[in-house]
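> 3D model of this:
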Amino acid sequence: MDAEENLNRRWAYLKKYGDNSLGFHTLQNGLQYFDDPCGYIAYKDFWPFRFALCDPVCDATDIAIMAQRFDNEHGNITFFHITAKMAEALDRLGYYVNESGEEMVIDLATYGFSGRRKEDIRNLHNRARCAGVSVREIYGNMQAYEEARKITGQWLQNKITTNELWFITRQPVYNDFFSVRKFYGYLDDKMVAYVYFDPVWDGNEISGYCPSILRCLPDAPKGALPWIIHEAMEKFKAEKIGKLFLGLMPLYNIEDDTHNIYHYSPETMRLMRWIYASRFSNWFYGFKNLAFHKLRYRAERRKIYMATRSRFPVCQLSFSAFMVGFFGGRFFFGPNR
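Numbers count the residues shown, from 1 in each chain. Below you'll find the model as predicted:
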């Protein structure tokens, strides 16, 4: 089977079974694939380690057999951003399964911004609206794409690295890109922020979106990005789209020792808690700040897991941080919002 046939086959599986919020990321450039009659698994080898991205893209009833077949091929695998259904399968295979954070999911049909608990996010909306930020959904406009590219360049200047993250995150594609929805924030006629929403499929229908790429100018009005998300949510709701996945809060609320659902590594749990609390790691990535902004939405929270055969996978985590940083990003533990 040639490369084009493989790609078309993966697209078919993704549209039918890609209900993981990172499913769309499995088709980004630079990944490798374990192809199976049941579906596929996206991964990347950084010798001597293999890192798998999210759940297998397959029918839920085939997840366990795909996990077994993939494990048989390569024993030194670290799985990132897996949901409970994959965590259960790997637990039965003898993996250490640890919580790696929580993901927020909004049910668009029932969600609203009223109430005291959502006052903070409403204030951000009001500030952007009062500043005059208007939101436009634009396609086929090269000027808009170039403006977005320039915003990314200025946004990266305020980061520790000038490289884009990839793997669990993906790099922006400015031209029209499959079913990605693109919303831009303008102040008068100047673009000041933008948000790209990746599709989430279920049964060959788009069931939700995930804000994957969020960028703004340093001097953009406060609340510009939340206001763009608000306006996109209104449009998705009118289109009867079911969910908005706000993405992972890496290392947030790790409770392995209290929930104890799976066979987990206490050492990994303690390491992750230490990273989340560390001033240095928060300067490097901003785990707490990311969680703070997403928690404002007061949405449903779901546990996300990682799995490895190592009880203390410090080598895998350190090696992945170095290699991903070397090849084009920093540590690929979560989205850089």
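> how about the strands of the stretch 201-337 of the chain, start to end?
Listed from the start of the chain, the stretch 201-337 of the chain has strands (DSSP state E, counting those that start in this stretch) covering 205-216, 243-250, 300-308.
> Highest mean neighbour count out of the ones you listed?
strand 243-250 (a mean of 25; mean count of other C-beta atoms under 10 Å). Glycine gets a C-beta too; all of them are placed from N, C-alpha and C.
> Nearest to W283 among the strands of the stretch 201-337 of the chain would be which one?
strand 243-250 (14.9 Å; C-beta to C-beta).
> Pairing partners for that closest one, with directions?
Each strand that pairs with strand 243-250, with its direction, by DSSP bridges: strand 96-107 (antiparallel), strand 205-216 (parallel).
> related to what we said a few turns ago, now the strands of the stretch 201-337 of the chain in JSON lines, with distance to N6?
Below are those laid out as JSON lines (distance: least, C-beta to C-beta, whole Å):
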{"stretch": "strand 205-216", "distance to N6": "23"}
{"stretch": "strand 243-250", "distance to N6": "27"}
{"stretch": "strand 300-308", "distance to N6": "26"}
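> so can I have JSON lines of these showing distance to D120 and mean pLDDT?
Output for the strands of the stretch 201-337 of the chain, formatted as JSON lines (distance: least, C-beta to C-beta, whole Å; pLDDT from 0 to 100):
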{"stretch": "strand 205-216", "distance to D120": "18", "mean pLDDT": "93"}
{"stretch": "strand 243-250", "distance to D120": "15", "mean pLDDT": "92"}
{"stretch": "strand 300-308", "distance to D120": "17", "mean pLDDT": "94"}
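> The ones you listed: which one's closest to G112?
strand 243-250 (12.9 Å).
> Any idea which of the strands paired with strand 243-250 gets closest to L271?
Closest of these to L271 is strand 96-107, at 9.3 Å (criterion: C-beta to C-beta).
> Point out where the stretch 201-337 of the chain drops to low pLDDT.
Counting by pLDDT under 70, the stretch 201-337 of the chain has low-confidence residues at 284, 314-337.
> 80 - rerun?
When residues are selected by pLDDT under 80, those of the stretch 201-337 of the chain lie in 281-286, 313-337.
> For it, which segments count as helices?
With helices called from DSSP state H, counting those that start in this stretch, the stretch 201-337 of the chain shows them at 224-238, 256-259, 266-277, 279-284, 287-295, 314-327.
> For the strands paired with strand 243-250, please prepare TSV with the additional fields distance to F287.
Formatted as TSV, those follow (distance: least, C-beta to C-beta, whole Å):
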stretch	distance to F287
strand 96-107	9
strand 205-216	16
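> Mind checking those for the one nearest to Y43?
So among these, strand 96-107 is nearest, using C-beta to C-beta, at 16.7 Å.
> Buried residues, the closest one. List them.
96-106 (16 or more other C-beta atoms under 10 Å).
> Helices along the stretch 1-150 of the chain, start to end?
Using DSSP H, counting those that start in this stretch, helices in the stretch 1-150 of the chain cover 3-17, 63-73, 84-92, 119-131, 142-157.
> Need the winner for burial among these.
Mean neighbour count (mean count of other C-beta under 10 Å) peaks for helix 84-92 among those, with a mean of 20.
> same for that one, what does it pack against?
strand 49-58, helix 63-73, strand 77-82, strand 96-107, strand 300-308 (3 or more C-beta pairs under 8 Å, 6 or more residues apart in numbering; DSSP states H and E).
> Quick check: mean pLDDT of the shortest one?
Spelled out, it's strand 77-82. Strand 77-82 comes out with an average pLDDT of 91.
> With the fourth one instead?
Taken as a whole, strand 96-107 has an average pLDDT of 95.
> start at 137 instead
In the new numbering, first residue 137, that becomes strand 232-243.
> Pull the distance from that strand to the chain's centre.
Strand 232-243 has its C-alpha centroid displaced from the chain centroid by 11 Å (C-alpha atoms, centre = their mean, to the nearest Å).
> repeat for the last one
Centroid separation between strand 436-444 and its chain, computed with C-alpha atoms, centre = their mean, is 12 Å.
> Now do it against helix 220-228, angle only.
Here the directions of strand 436-444 and helix 220-228 differ by 30 degrees (axes from the mean of the first three to the mean of the last three C-alpha atoms, to 10 degrees).
> thinking again about what came up before, winner for burial among the helices of the stretch 337-473 of the chain?
Of the helices of the stretch 337-473 of the chain, the one with the most neighbours on average (mean count of other C-beta under 10 Å) is helix 360-374, at a mean of 20.
> got the angle for that helix vs strand 341-352?
Using the same axes, to 10 degrees: helix 360-374 against strand 341-352 is 160 degrees.
> Tabulate the CA atom coordinates of helix 360-374 in CSV.
Provided in CSV are the C-alpha atoms of helix 360-374 (Å, rounded to 0.1, in the frame of the first residue of the first chain):
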residue,chain,number,x,y,z
ALA,A,360,-9.2,39.0,23.2
LEU,A,361,-8.6,35.3,23.1
PRO,A,362,-11.5,34.3,25.4
TRP,A,363,-13.8,36.6,23.4
ILE,A,364,-12.8,34.9,20.1
ILE,A,365,-13.6,31.5,21.8
HIS,A,366,-17.0,32.9,23.0
GLU,A,367,-18.0,34.0,19.5
ALA,A,368,-16.9,30.7,18.0
MET,A,369,-18.9,28.8,20.7
GLU,A,370,-22.0,30.7,19.7
LYS,A,371,-21.5,29.8,16.1
PHE,A,372,-20.8,26.1,16.9
LYS,A,373,-23.9,26.0,19.1
ALA,A,374,-26.1,27.4,16.3
